[in-house]
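1. dropping a prediction and its sequence here:
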Amino acid sequence: MPGTHEAIEIWLRSIHDQYAASLYRYALALTCRVEDAQDAVQEVFARISRQPKRFTEVTNIRAYLFSATRNAAYSILRGRRRCEALHDAICSDIAAVCAPDTRQMSATIIVIRDAIAQLSIEQREVLVLKILDQMTFKEIAHTVKAPMNTVAGRYRYGIEKLRRALGAVNNV
């Protein structure tokens, strides 16, 4: 591997040009999502560009890149499974609070899942901390490093969106 900064950039660009398409196809086959595949490949090249000297001892760049792409893709998949499991648990917990009648719970879970998906990540975060973890607005503000009024607003807007969604179910 070259030693100067300019030479390293040229080397990285040539490696990217040579392998990026193949690595992307591989990551897409593993993740089944375009965005996740792009993220996996980007993570691999970002890691290399942050510490290029670390790769001077790599004897088989192609094998290394595919292995690194596999690791990045599996990391994304683990994160996705955790996120989906958390999302399902949150929806179930909120549905149990909102619809104690078990016959109505399945429909309510679906509506809540869709409504939660429409919330911003900041609103979801505040709702989870407030409703499920029973934190105060002050505790949430400290946790998310945002002003308490901002946290309260996120909560209020998120709850209003959920109420509208649940109102649509209850009116059916």
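-> That came in fine, so what should we check first? Not measured: the values here are computed from a predicted model.
2. output the lowest mean pLDDT helix or strand found in this protein.
-> Across the helices and strands of the chain, mean confidence by mean pLDDT, DSSP states H and E is lowest for helix 102-118: a mean of 70.
3. could you measure from residue 166 over to residue 115?
-> Per CB to CB, to the nearest Å, residue 166 is found 8 Å from residue 115. (C-beta placed from N, C-alpha, C; glycine too.)
4. ok, residue 46 next?
-> Taken as CB to CB, the span from residue 46 to residue 115 is 35 Å.
5. neighbour count winner among the two?
-> Shown here are residue 46 and residue 115; by other CB atoms under 10 Å, residue 115 has more neighbours (20 against 11).
6. that one touches residue 159, doesn't it?
-> No. Using CB atoms under 8 Å, residue 115 makes no contact with residue 159, being 10.5 Å away.
7. got a list of what residue 77 touches?
-> 30-31, 36 (CB atoms under 8 Å, 6 or more residues apart in numbering).
8. that one sits in which helix or strand?
-> helix 61-98 (DSSP states H and E).
9. again, but for residue 59
-> Going by DSSP H and E, residue 59 is not in any helix or strand.
10. tell me, what's the model's pLDDT at it?
-> Here the pLDDT value assigned to residue 59 is 85.
11. quick one: buried residues of the helix or strand hosting residue 140?
-> Using DSSP H and E, residue 140 sits in helix 137-144. Neighbour counts over helix 137-144 (16 or more other CB atoms under 10 Å) mark 137, 140-141 as buried.
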